[in-house]
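K.L.:
how does the following fold in three dimensions:
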Amino acid sequence: MNGGFLLIKKDREISSNSLDNRVKRALSFSKVGHLGTLDPLAEGLLILMVDRATKLAKYFDDLNKVYELEIRLGARTRSLDLEGEITDFKEVNFEGQDELIDETLKSFIGKSSQIPPLASAIKVNGKKLYELERQNIDYTPKGRDVELIDVKRISDIKTINNNTYFTCLCHTSKGYYVRSLARDFGDKLHVPSLASGINRVKVGKFSIDNAYTLSDIENGNYKLINPLDYLDFKRVNLDDTNDLKNGVWIKNVYGNYEYIIFCDKKGTPIAISKLDASKNVYRIDTMLEL
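P.N.:
So this is what the prediction gives:
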């Protein structure tokens, strides 16, 4: 297909949308979007969808993610990260309390109803929460069902200027906010806290080890990857694809697969079709080639 996914290492201090626009201008792509927004102060893996690959976003909507999260105990801001003024401060020292820190981390593993940060892109009545925050509109977000699949501390516990810092590796479900984890962790220990560093290292099967810097991309040192290679959908080769291209339903003789990638006899993907169980047919969900 025309286009593909581009893995990029996002730096701090640049928004995900700004990164989209810079790549689009630099390489003259027609369309550039991204999967899974990163906060401006967060860094790490961002998946850019280029040109016709933007049509495939919905098939990658539920990917789990892995973050390196640095938690700072002793301070808090309204955004729950280093953006903005500190609203609460307390002198703390948790050095030597490894067991307390580790056991508290483990207590968050599992499913929960998590309150997202006020400064987030979640929409309420058509407005994003961070827009309400900037307008000083008082609003308490509703809890969202999420899961912390696993978490472990990966650094020593250090105290600097009367605040304690440590880094943990978080494996999360879609929609999970590690800034909220930083807040809730401090609340459990009765101290203010925030996320002093966020680095996303994995999204589904995609790893930051295979990502490019913005400088690499602007200098033409990059490679698009085919997102279809990362979909665990059954593939079926058809001898004749004319009916498929004309929108004719394909009778289901393949089993109860939710999606099938139908290809021509040479194996070139033509369309992703979805099972209509009520009629036992596959209807076109996304055309890949015309």
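K.L.:
every contact and neighbour count from this point should use C-alpha atoms.
P.N.:
OK.
K.L.:
residue ranges with poor pLDDT in the stretch 101-250 of the chain?
P.N.:
Under the criterion pLDDT under 70, the flagged ranges of the stretch 101-250 of the chain are 119-139.
K.L.:
would you map the helices across it?
P.N.:
In the stretch 101-250 of the chain, the segments counted as helices under DSSP state H, counting those that start in this stretch are 129-134, 178-188, 214-218, 242-245.
K.L.:
quick one: list the elements packing against the second one.
P.N.:
The elements that helix 178-188 packs onto, with contact taken as 3 or more C-alpha pairs under 8 Å, 6 or more residues apart in numbering; DSSP states H and E, are strand 65-73, helix 98-106, strand 193-203.
K.L.:
hmm, back to that, winner for burial among the helices of the stretch 101-250 of the chain?
P.N.:
helix 178-188 (a mean of 21; mean count of other C-alpha atoms under 10 Å).
K.L.:
okay, the angle between that helix and strand 65-73?
P.N.:
Orientation note: helix 178-188 sits at an angle of 40 degrees relative to strand 65-73 (axes from the mean of the first three to the mean of the last three C-alpha atoms, to 10 degrees).
K.L.:
using PDB, list the CA coordinates for helix 178-188.
P.N.:
What follows is the C-alpha trace of helix 178-188 in PDB, where atoms were taken according to Å, rounded to 0.1, in the frame of the first residue of the first chain:
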ATOM      1  CA  VAL A 178       1.300   7.000  34.200                       C
ATOM      2  CA  ARG A 179       1.000  10.600  35.500                       C
ATOM      3  CA  SER A 180      -2.000   9.400  37.400                       C
ATOM      4  CA  LEU A 181       0.000   6.500  38.700                       C
ATOM      5  CA  ALA A 182       2.600   8.900  40.000                       C
ATOM      6  CA  ARG A 183      -0.100  10.900  41.700                       C
ATOM      7  CA  ASP A 184      -1.800   7.900  43.200                       C
ATOM      8  CA  PHE A 185       1.500   6.400  44.400                       C
ATOM      9  CA  GLY A 186       2.200   9.500  46.400                       C
ATOM     10  CA  ASP A 187      -1.300   9.600  47.800                       C
ATOM     11  CA  LYS A 188      -0.900   6.100  49.100                       C
END
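K.L.:
any idea what the residue lying closest to residue 178 once chain neighbours are set aside is bridged to?
P.N.:
By the measure of C-alpha to C-alpha, 6 or more residues apart in numbering, the closest residue to residue 178 outside its immediate chain neighbours is residue 69, 7.1 Å from it. In this entry, residue 69 is beta-bridged to residue 168, residue 198, by DSSP bridges.
K.L.:
just put the helices of the stretch 101-250 of the chain in a markdown table and tack on distance to residue 62.
P.N.:
Written out in a markdown table, the entries for these read as follows (distance: least, C-alpha to C-alpha, whole Å):
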| stretch | distance to residue 62 |
| --- | --- |
| helix 129-134 | 22 |
| helix 178-188 | 17 |
| helix 214-218 | 26 |
| helix 242-245 | 28 |
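K.L.:
number of nearby residues for the nearest residue to residue 176 once chain neighbours are set aside?
P.N.:
In this structure, residue 176 finds its nearest non-sequential neighbour in residue 146, 5.7 Å apart by C-alpha to C-alpha, 6+ apart. Other residues within reach of residue 146 by the criterion other C-alpha atoms under 10 Å amount to 18.
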